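Fold the following.
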Amino acid sequence: MKPNLFDVDANSIEKLKNTFRNEAGPGAKMQVDLSGINTISLPKFNMLVKFHMEARREGKSVSFINCSQPKLLDLIAKTGFRHVFQS
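Below is the predicted model of the structure:
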């Protein structure tokens, strides 16, 4: 699965979670394209990290690709989540 995410908010993350839970079995992988994200706050970044961690607990994998927005790159560098977020 490779959806695009244009806004990080509770609704968009919940939709992704529900899709992933309902359509993907154990061991499934999802790459979420963040190229449409222009800015992100720390709470919204935390939503993405939480989504990743919940998927891992379910035996699935979520990663975020095309992370080029400067604020996002700064948060990735400061938090050490380079393994989850890819440029």
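
what's near enough to touch the residue positioned nearest the centre of the chain?
Of all residues in the chain, the one closest to the mean position by C-alpha atoms, centre = their mean is residue 48, 4.2 Å from it. Residue 48 is in contact with 8, 13, 32, 64, 84-85, counting by C-beta atoms under 8 Å, 6 or more residues apart in numbering. Glycine gets a C-beta too; all of them are placed from N, C-alpha and C.

buried residues in whatever helix or strand it lives in?
Per DSSP states H and E, residue 48 falls inside helix 42-57. Neighbour-count burial for helix 42-57, counted by 16 or more other C-beta atoms under 10 Å, picks out 44-45, 47-49, 51-52, 55.

could you check the angle helix 42-57 makes with the strand or helix carrying residue 75?
Residue 75 is located in helix 70-79, with elements delineated by DSSP H and E. Between helix 70-79 and helix 42-57, the angle comes out at 60 degrees (axes from the mean of the first three to the mean of the last three C-alpha atoms, to 10 degrees).

Give me the contacts around helix 70-79.
Here helix 70-79 makes contact (C-beta under 8 Å, 6+ apart) with 34, 37, 39-40, 42, 45, 49, 67, 82, 85, 87.

Tabulate these (JSON lines), appending distance to residue 60 and pLDDT.
Formatted as JSON lines, those follow (distance: C-beta to C-beta, whole Å; pLDDT from 0 to 100):
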{"residue": "34", "distance to residue 60": "18", "pLDDT": "88"}
{"residue": "37", "distance to residue 60": "22", "pLDDT": "83"}
{"residue": "39", "distance to residue 60": "28", "pLDDT": "80"}
{"residue": "40", "distance to residue 60": "23", "pLDDT": "84"}
{"residue": "42", "distance to residue 60": "25", "pLDDT": "87"}
{"residue": "45", "distance to residue 60": "20", "pLDDT": "88"}
{"residue": "49", "distance to residue 60": "15", "pLDDT": "91"}
{"residue": "67", "distance to residue 60": "20", "pLDDT": "88"}
{"residue": "82", "distance to residue 60": "20", "pLDDT": "88"}
{"residue": "85", "distance to residue 60": "17", "pLDDT": "88"}
{"residue": "87", "distance to residue 60": "23", "pLDDT": "73"}
